[in-house]
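below is the sequence, then the predicted model.
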Amino acid sequence: MIVAERLYWRNVLQAGLVLTFVFLVVFLAFCNLSGFPEFLALDEGFRLYFIKHVVRYGRWAILTQDGFHAYWRDSTGPVVLLPIMALFALFEPSLILARSVMGALLVLGTLIVYRSMRDWYDSRIALLAVWLWLFFGPPWLNTVTMGRWVYGELPALGFFILGCWRWSRAATGSSRAMVVAWIAFVLAVWSKDLFAPMIVATLTIVWLAHRHEYLARSFLIVPSLLCIAAFALWSGFQIVMSWAAGVTATGQYDLLQLSLSRIIVFSPTLWWNNLKFLYEHNLLVVFPLALYALAVRPPRRVGSELLIVFVLIWMAWYAGGSIGWPRYAYPIWAIGGILLAVALGDLMEWTRNQLVCSQHRPTKLALVALVISILIIVLVWPAQNTVRRVFEPVDTAAITMATYIDANVPPVERIVSGQWEVHMYSDRLFIPIPEEYYAVKIAEQIGKTLELPAMRSITDLQATYLLDGSENRVVEMEPPDRLHMWYEPVFQVGTYCLYRLKRFPDDR
């Protein structure tokens, strides 16, 4: 009777914790969507501006003051874009609607993490995994933040984990689970196509490790072919839709450079910088965590091996084959948090056993104090850092600038701007910063020289106004010294400043 009562209250406590976590995840996914994180010009603002124009004009292109232009091949796929397009078609385009889609995908991904980890390990590790999945990493790039931005990495990772979970069930003979795993892997690629080569490499390595233990050949061939096909279909779809819209990419060098920067960049210049980034942001700790979860703490099901091998491959790619953009390191933080949960769960179980066996009270107190300190540092501190940011006030500078331009700049005046978040809020059309400037910056990052035609200036574009913001400061189409020489400020708010050209010089 006593045992049954204890079991009952244990189940009640567990159910209460799960319910609390559900409310927490929903709060983190949907609270203050327009306030945190900041609305970025690239790639979020550009992507939403494009979706707005697809809905408004029915063409796979963006409309500028020079007519329709091609939208570059987006690595974020239809799993993200199509629901936002549907909402924009039903309602007015808005940042909150778009981020609500991402919030729903964040909740779904978190539920997948909990369910898979509970199946692979136990409920305690599953709850720890959910917590660390949400908060492990810097507050500017953990799962809560990525789960609000309109990017494809988070849903891709969620669907990949779903595929791993169902794949582990399929390995025991469930044909239905196998089909679900295949669909989940395809959805991962259609969320972020960069996942395609990583998934194929992961399946290959795990199959080689277990090729004599179960019929894994079909597990490798079919999902790998599906991922490759999904990658090709999404790329081909965008090309065909651009062709049907009557637009083509301007400058194939830029399209190729952007595509390669998402997959593989061979540049010794970047190796040291990428390794330094991993070290400075404590990402190298994921390597021993992965080895621990793989060798010391093997799971009950083989599917989690896919997750562990995947993060090791991603780390190797980030260090030696990527352009080193911080966002590309997000999967390492997210999966690293899950693996850390496995180690913490084992630490808590070991501590509980030691407290039962030890008779020395000071030793017990010291052990409890040590474990509580570790949990506060690992669990509580990162969480409060993120939760505080969720309550940040909305930055209305982009809206204010868009309103000013709509009201005060005549429609016939041409405005050069790369601030797509301002474009999203405005009814005006703009001239985007020429793509050549971005291509040069990408080439510089990988230590290469890119031969380009002469880059166009504001005089070549016959523009009277320039909107200075983060994008102009990155690519320096008009650097600060030239801004002060040739332009006069018209209106400034936040980080934006609208300049008017004083005169068109003959020689700049």
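Sure, I can see it.

tell me how far the residue most central in space within the chain lies from Tyr279.
When Cα atoms, centre = their mean is applied to the chain, the residue found nearest the centroid is Glu153 (3.6 Å). Going from Glu153 to Tyr279 by Cβ to Cβ, to the nearest Å gives 22 Å. In this view, the C-beta of every residue, glycine as well, is placed from N, C-alpha and C.

for Phe68, same thing?
Where Tyr279 is concerned, Phe68 sits at a distance of 46 Å (Cβ to Cβ).

those two: who's more crowded?
Neighbours of Phe68 and Tyr279, each counted by other Cβ atoms under 10 Å, are more numerous for Phe68; the result is 17 against 11.

all strands of the protein, in order?
Taking DSSP state E to define them, one finds strands in the chain at 61-64, 67-70, 415-417, 465-468, 487-493, 496-501.

quick check: mean pLDDT across stretch 229-248?
For stretch 229-248, the mean per-residue pLDDT is 89.

now do stretch 99-113
Stretch 99-113 comes out at a mean pLDDT of 96.

repeat that for stretch 158-176.
On average, stretch 158-176 scores 85.

and it, how far out from the chain middle?
23 Å (Cα atoms, centre = their mean, to the nearest Å).

could you dump it to PDB, C-alpha only?
Once non-C-alpha atoms are left out, stretch 158-176 reads as follows in PDB (Å, rounded to 0.1, in the frame of the first residue of the first chain):
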ATOM      1  CA  GLY A 158      13.200  19.000 -34.600                       C
ATOM      2  CA  PHE A 159      12.200  16.900 -37.600                       C
ATOM      3  CA  PHE A 160      15.700  15.300 -37.700                       C
ATOM      4  CA  ILE A 161      15.300  14.200 -34.100                       C
ATOM      5  CA  LEU A 162      11.800  12.900 -34.900                       C
ATOM      6  CA  GLY A 163      13.400  10.900 -37.700                       C
ATOM      7  CA  CYS A 164      16.100   9.600 -35.400                       C
ATOM      8  CA  TRP A 165      13.500   8.600 -32.800                       C
ATOM      9  CA  ARG A 166      11.200   6.800 -35.400                       C
ATOM     10  CA  TRP A 167      14.300   5.300 -37.000                       C
ATOM     11  CA  SER A 168      15.200   3.600 -33.700                       C
ATOM     12  CA  ARG A 169      11.800   2.100 -33.700                       C
ATOM     13  CA  ALA A 170      12.100   1.000 -37.300                       C
ATOM     14  CA  ALA A 171      15.400  -0.700 -36.500                       C
ATOM     15  CA  THR A 172      13.300  -3.100 -34.300                       C
ATOM     16  CA  GLY A 173      11.100  -4.000 -37.200                       C
ATOM     17  CA  SER A 174       8.300  -1.400 -37.300                       C
ATOM     18  CA  SER A 175       7.600  -0.600 -41.000                       C
ATOM     19  CA  ARG A 176       5.200   2.200 -40.000                       C
END
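
quick one: buried residues of that stretch?
Buried residues in stretch 158-176, counted by 16 or more other Cβ atoms under 10 Å: 158-171.

narrow these to those in helices?
158-170 (DSSP state H).

hang on, the earlier thing: tell me the pLDDT at the residue nearest to the centre of the chain?
In this model, Glu153 is scored at 95, pLDDT.

would you mind splitting this protein into its domains for me?
Split into domains by automatic domain parsing, the chain comes to 2-390, 397-501.

same question for the last one, mean pLDDT?
Looking back up the chat, that one is domain 397-501. Mean pLDDT, domain 397-501: 89.

now do the same end-to-end measure for it.
22 Å (Cα to Cα, to the nearest Å).

what's the answer for stretch 85-104, then?
15 Å.

any chance you could list what contacts it?
Stretch 85-104 is contacted from outside by 29-30, 33-34, 39, 48, 51-52, 54-55, 80, 83-84, 147-151, 154-155, 424, using Cβ atoms under 8 Å, 6 or more residues apart in numbering.

same check, this time on stretch 25-42
Counting by Cβ under 8 Å, 6+ apart, 45, 95-96, 99-100, 103-104, 106-107, 110, 130, 134, 140, 144-145, 147-149, 386-387, 389-395, 398, 418-422, 424, 469-471 sit against stretch 25-42.

contacts only, for Val296.
Not one residue lies near Val296 by Cβ under 8 Å, 6+ apart.

Gly109 now?
143, 147, 154-155, 157-159, 161.

pick the one among the residues you listed closest to Ala188.
For the contacts of Gly109, the closest approach to Ala188 (Cβ to Cβ) belongs to Phe159, at 4.0 Å.

just give me the neighbour total for Gly333.
Not quite, residue 333 is Trp, not Gly. Counted with other Cβ under 10 Å, Trp333 comes out at 23.

so it touches Gly137, yeah?
Yes: Trp333 is within contact range of Gly137, at 3.3 Å (criterion: Cβ atoms under 8 Å).

okay, buried residues for stretch 41-51 please.
41, 43-51.

could you pull out the helices for the stretch 101-250 of the chain?
With DSSP state H, counting those that start in this stretch as the criterion, the stretch 101-250 of the chain has helices at 123-135, 143-146, 153-170, 175-189, 195-210, 217-244.

what is the shortest one packed up against?
Packing partners of helix 143-146 (3 or more Cβ pairs under 8 Å, 6 or more residues apart in numbering; DSSP states H and E): helix 95-120, helix 123-135, helix 153-170, helix 330-357, helix 381-390.

closest to Arg73 out of the ones you listed?
Nearest of the helices and strands packed on helix 143-146 to Arg73, taken as Cβ to Cβ: helix 153-170 at 16.4 Å.

show me what the closest one is packed against.
helix 78-90, helix 95-120, helix 143-146, helix 175-189, helix 195-210, helix 217-244, helix 303-321, helix 330-357.
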